[in-house]
Every structure is written in structure tokens, then in C-alpha cells.
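A.B. asks: just a sequence and a predicted model for now, questions to come.
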Amino acid sequence: MIDLKTAAEHLQTYLRPQTFPVAIRMAKPGEPLPERAKRPAGDLGVRFANCQAISMVRRYGWTLALTREDSHCGPGMLGLGFGRELPLSQEGSLCQGMYTETAEAGARSEAAVDRLAPGEFHALLAAPLERCEFEPHLVCVYGNPAQIMRLVQAALWKRGGKLTSSFGGRVDCAEIIGTTMRTNECQVILPCSGDRIFGQTQDHELAFTIPLRRLEEVCEGLRGTHRGGIRYPITSFLEYQAKLPPTYVELRRQLEAEETGTPPS
């Protein structure tokens, strides 16, 4: 198994993400939290949404531990199993009029969210991959579409085929954590409205998750595809003669004629 610091170095070398790749672990009840981990409610004086916590880690480089007591977003709490479902979340009214036309459609959207089992975990642990001091369940990388494409290519280096991901446009923390832990496979993540509003994820950003068991394989895939000529930043084909404005071409002809002492053709 590749060590986390080496994996972070590979991601930096071959991907050059603008923010830190984030190591994520869901801690079970009774599991001690990292000593250096900041708690939003206690240390920062505010409750966080899950997307805020991940965003702070990837932008600040801090290690965070978010429990039910630190959580602010109800759908996000349910996504991590920090409470049981209630009629308000099951009947579709959270979606109705905002994400779906009807409560019935909203209920289907709620049922499609990959939630962790209530009470199975008591804390979300998140740290920059390069300085993570716990064993993560997964790594989450934010990047532009070209960088996420490189990760898809890397994930397929050994296996071939295609990756399969699904998109709901909401509660992306459940897709980052719940879907990745359920499938134990890499996922392309479409950041949701909440992530973009409260996590301040930018319009150009997507995310990609890598289960720990796939991390070495993806790093090897980045190396292999890089050696094969697939690079980031994306290479541009420049070995061509451009079609320039006629006056530019005429000036070149006159310069060549002056150099050779012959009349321009």
C-alpha cells in the first residue's frame, strides 16, 4: 500500500491541484479523534456543513473533526448518519419547489441519497492528504474538468472500460462519502448547490473520490498515462503553419526580399 505522503506527491506532480487533496475517515463511536483536529463548534465557535469542513481542509490545510454537535446542515447530518430519518426528510418537502416540482418527486430524490447508517459513525475526520495522521477511508480531490479527466484515465489504466458515477445535484457530501464507501470504487462528483454556496466551490470545479484500496492503483495510473503522453497541463499541438492575415504574410515576403536583394514576388 502506498503511503499517504507519497500519494500526495504523485497527485501534486501529475495533477497540480489548486487545493489540497483531502483524506477523509468516518470515525466509529468510541474512536479517539486526532489531537490536532479542530472542532468547528468548540474551536471556531460555529457549526459547519460537511462541505464547509471539506473546503476548509482543502483550502486552509487544517485537520478537522466534525461530529453531530458541530453539524449545521440537516441533510448533511442524515448523509453521515448523524441522526435517523424523519418525515420531513422522507416525504420530499425538502426538495419540493426547490429541486423538484412535487413532493413525490422529492421523495424519490431523497431515497436516492447514499446515506450512512444512523449511529454507525460519530465523526467526520478530514485532513490534507500529505499530513494526514489517520487511516482514511477515501481521498477527495477537487479540480477542473481536465484534472478530473486525468484521474478518470488513471483509474482505468489497469482495468480499462469506463467509470460509473451518478449525480443528484444535491447533498454531494453523501456522494463523496456514502457512495464511495458503499461502492468502494472511484467516483466523479458533481458539487451541489450547497457546496458551491457554503463550501465556496467554484463554477469550474468538479471533484473525484478515491477509496483507500484504489489509491496506489490511481497513482500508478497517473504515472503510466503520463509516460504514455497524456499530461496535465494538457499539451497543445503547435507544429503547424498558422494562417495569418494577408498583410502579415506580405510583410514577411518583403522582409525576405530585402534580405536576399530580390524583388518581392
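C.D. replies: Sure thing, it's come through.
A.B. asks: can I assume Cys186 is in contact with Leu212?
C.D. replies: No: assessed by CB atoms under 8 Å, Cys186 is found out of contact with Leu212, at 11.4 Å. (Glycine included, C-beta is placed from N, CA and C.)
A.B. asks: who has more neighbours, these two?
C.D. replies: Cys186 (24 against 20; other CB atoms under 10 Å).
A.B. asks: distance of the more buried one from Leu138?
C.D. replies: To Leu138, Cys186 is 9 Å away according to CB to CB, to the nearest Å.
A.B. asks: anything in contact with each of these two?
C.D. replies: In terms of CB atoms under 8 Å, 6 or more residues apart in numbering, Cys186 and Leu138 are both contacted by the residues 180, 209-211.
A.B. asks: pull out the buried positions in the lowest-mean-pLDDT helix or strand in the chain.
C.D. replies: Least confident element among the helices and strands of the chain, by mean pLDDT, DSSP states H and E: helix 87-90 (a mean of 90). The neighbour-count check on helix 87-90 (16 or more other CB atoms under 10 Å) flags Ser89 as buried.
A.B. asks: list the contacts of that helix.
C.D. replies: By CB under 8 Å, 6+ apart, helix 87-90 touches 74-75, 78, 94, 107, 110.
A.B. asks: doesn't Pro21 make contact with Val57?
C.D. replies: No: if you go by CB under 8 Å, Val57 and Pro21 don't touch, sitting 9.7 Å apart.
A.B. asks: any shared contact partners between those two?
C.D. replies: What both Val57 and Pro21 touch, as defined by CB under 8 Å, 6+ apart, is the set Pro128.
A.B. asks: which residues does the closest residue to Leu33 other than its chain neighbours contact?
C.D. replies: Distances taken as CB to CB, 6 or more residues apart in numbering put Ala65 closest to Leu33, at 4.5 Å, once the chain neighbours are dropped. Each residue near Ala65 by CB under 8 Å, 6+ apart is listed here: 27, 33-34, 37-39, 123-125.
A.B. asks: ok, and the closest residue to Leu206 other than its chain neighbours, which helix or strand is that part of?
C.D. replies: Spatially, and ignoring its direct neighbours in sequence, Leu206 is nearest to Ile148 (4.6 Å; CB to CB, 6+ apart). Using DSSP states H and E, Ile148 maps to helix 145-155.
A.B. asks: contacts for that helix, please.
C.D. replies: Contacts for helix 145-155 (CB under 8 Å, 6+ apart): 14-17, 141, 143, 163, 186, 188, 204, 206-208, 210, 214, 217-222, 224-225, 230, 232-234.
A.B. asks: residues of it that come out buried?
C.D. replies: Quick answer for helix 145-155 (16+ other CB under 10 Å): 147-155.
A.B. asks: helix or strand right after the helix or strand encompassing the residue nearest to Leu33?
C.D. replies: Assigned by DSSP H and E, Ala65 belongs to strand 64-67. Scanning forward in sequence from strand 64-67 by DSSP H and E, the next helix or strand is helix 74-79.
A.B. asks: starting at the chain centroid, how far to that following helix?
C.D. replies: The gap between where helix 74-79 is centred and where its chain is centred comes out at 19 Å by CA atoms, centre = their mean, to the nearest Å.
A.B. asks: go on, stretch 55-64?
C.D. replies: 14 Å.
A.B. asks: for this protein, just list every one of the helices.
C.D. replies: Using DSSP state H, the helices found in the chain span residues 4-15, 50-60, 74-79, 87-90, 103-111, 145-155, 172-173, 180-183, 193-197, 212-227, 246-260.
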